[in-house]
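Visitor: coords below, sequence missing:
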């Protein structure tokens, strides 16, 4: 029996340093029935040339380009709109999947009739060297847990588009992936995880999490614009986020 098609959603912007390794990690999957939809957000480097080279080598790789820089939400939503898969998976342009990622996660979702899933993932530095640490996925999360902090690593998340339809991200510049998983989990009740690490996340010096003030600003935007909370409720949840993120969530990080 033919395995269902998985659409891999990857936005790119000036990603020439990492994108080849990312695409190679998808091509190395032992699950063959996938399409990788790459949407370039008006890069000024050689990213598009790299993407087109891969598209010429592998017809499962599909490239779209945006004329003006529009942000990751628009790029991801463009990819989702063009996706044909029964399942929608996400992988950013600097992260990596392990070869067994799709095989194990799709089997897990099918066997247990799960609509939204995620997994643990390992951490690496900007040069791709292992940091010897893993973000351990919780066995399951519901909306009340997710609204306190994002427990779904976007590079590990998959949702069943046949069950849920295509679900898009809000058009906000940052943290739109968190908003997507909140929307999906609110629809289905729970997201469930494989607790083994199936991906590798690259820690970048200019990441949002490295700037605590920006992190709080973008989280407030999620509460106000994506979840439509009032100002007081948003501040209350921001305090809950601080407690969860800095006192509870770090316990998820374990040594390999």
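Guide: The structure has been received and is ready for your questions. Keep in mind that what you see is a predicted model, and the values were worked out from it rather than measured. Numbers count the residues shown, from 1 in each chain.
Visitor: Check residue 205 and give its pLDDT.
Guide: For residue 205, the pLDDT comes out at 73.
Visitor: you'd agree it is in a strand?
Guide: No. Assignment of residue 205 by DSSP: H, G, I helix; E, B strand; the rest coil gives coil, placing it outside any strand.
Visitor: which residues touch it?
Guide: When contacts are counted by CB atoms under 8 Å, 6 or more residues apart in numbering, residue 205 touches residue 126. (Glycine included, C-beta is placed from N, CA and C.)
Visitor: Please report how far it lies from residue 213.
Guide: According to CB to CB, to the nearest Å, residue 205 and residue 213 sit 16 Å apart.
Visitor: again, but for residue 97
Guide: 32 Å.
Visitor: Was I right to think residue 191 contacts residue 180?
Guide: No. Using CB atoms under 8 Å, residue 191 is not in contact with residue 180; the gap is 11.2 Å.
Visitor: With neighbour numbers in mind, choose between residue 97 and residue 213.
Guide: Here residue 97 and residue 213 are set side by side on neighbour count (other CB atoms under 10 Å), and the busier one is residue 97, at 23 against 7.
Visitor: Would you state the predicted confidence (pLDDT) at the more buried one?
Guide: 98.
Visitor: burial count for residue 66?
Guide: Neighbours of residue 66 (other CB under 10 Å): 17.
Visitor: what does residue 127 give?
Guide: 7.
Visitor: what about it, which helix or strand?
Guide: Taking DSSP states H and E as the definition, one finds residue 127 inside no helix or strand.
Visitor: Could you do residue 186 as well?
Guide: Using DSSP H and E, residue 186 falls in helix 176-188.
Visitor: What residues sit buried inside whichever helix or strand comes after that helix?
Guide: Per DSSP H and E, the first helix or strand lying C-terminal to helix 176-188 is strand 190-202. For strand 190-202, burial by neighbour count (16 or more other CB atoms under 10 Å) applies to 190, 191, 192, 193, 194, 197, 198, 199, 200, 201, 202.
Visitor: just checking, the third one touches residue 113?
Guide: Meaning residue 192. No. Assessed by CB under 8 Å, residue 192 is found out of contact with residue 113, at 10.2 Å.
Visitor: where do the strands sit along this structure?
Guide: Here the chain has its strands, by DSSP state E, at 6-12, 34-40, 61-65, 87-90, 96-97, 116-124, 130-135, 140-142, 158-160, 190-202, 253-255.
Visitor: nearest to residue 50, of those strands?
Guide: strand 6-12 (8.8 Å; CB to CB).
Visitor: so what's the residue nearest the centre of the chain up against?
Guide: For the chain, residue 154 is the residue whose C-alpha lies nearest the centre (CA atoms, centre = their mean; 2.1 Å). Contacts for residue 154 were tallied using CB under 8 Å, 6+ apart; they are 90, 92, 177, 181.
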